[in-house]
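Novice: compute the structure for the input listed below.
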Amino acid sequence: MLTISLICNLGMSTSILVNKMSAYAKEKSIEIDVDAMPFDKMGDRINKTDILLIGPQVRHLLKKIQAEHGDKVPVIQVMNMSHYALAKADEIFEEAYREYIQKTN
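Specialist: Numbering: from 1, shown residues only. Reported below is the predicted structural model:
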């Protein structure tokens, strides 16, 4: 199972993407565990995350997250702003999943 964590300011705006991303992955027969949360609530989930997606509104956290967790999390990406704004979970997922496959194969 692929574990995906979406990070934003409050974890609310990304919650829309969670449902859409779950449905999309299911269509593709990819089993995922996806959740959205604010950055300061990542807790232990970060230790089992395969793909960490950062909301555009907190992209300033990218370097900090990479420095702290880049050796444990295979893919850390800032979500494309237009895909995020339009809740294009399929596009967000595909971009991150391609990178995950490249890095883990």
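
Novice: how about the strands in the protein?
Specialist: Assigned by DSSP state E, the strands in the chain fall at 2-8, 32-38, 51-54, 75-78.

Novice: how about the ones you listed in CSV, adding distance to Ala85 and mean neighbour count?
Specialist: C-betas here are computed from N, CA, C, even on glycine. As requested, the strands of the chain are exported to CSV (distance: least, CB to CB, whole Å; neighbours: other CB atoms under 10 Å):
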stretch, distance to Ala85, mean neighbour count
strand 2-8, 12, 22
strand 32-38, 16, 19
strand 51-54, 14, 24
strand 75-78, 13, 19
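
Novice: closest to Gln66 out of these?
Specialist: strand 75-78 (5.6 Å; CB to CB).

Novice: from the contact counts, what lies against the closest one?
Specialist: Judged by 3 or more CB pairs under 8 Å, 6 or more residues apart in numbering; DSSP states H and E, strand 75-78 is in contact with strand 51-54, helix 62-69, helix 89-104.

Novice: show me where pLDDT drops low in this structure?
Specialist: Judged by pLDDT under 70, the chain has its weakly predicted residues at 11-12.

Novice: switch the cut-off to 90
Specialist: Applying pLDDT under 90 to the chain flags the ranges 8-16, 38-44.

Novice: picking up where we left off before, just the helices and strands packed on strand 75-78: most buried one?
Specialist: strand 51-54 (a mean of 24; mean count of other CB atoms under 10 Å).

Novice: so how far is it off the chain centroid?
Specialist: Average the C-alpha atoms of strand 51-54, do the same for its chain, and the two points are 3 Å apart (CA atoms, centre = their mean, to the nearest Å).

Novice: quick check: can you name the pairing partners of that strand and their directions?
Specialist: strand 2-8 (parallel), strand 75-78 (parallel) (DSSP bridges).
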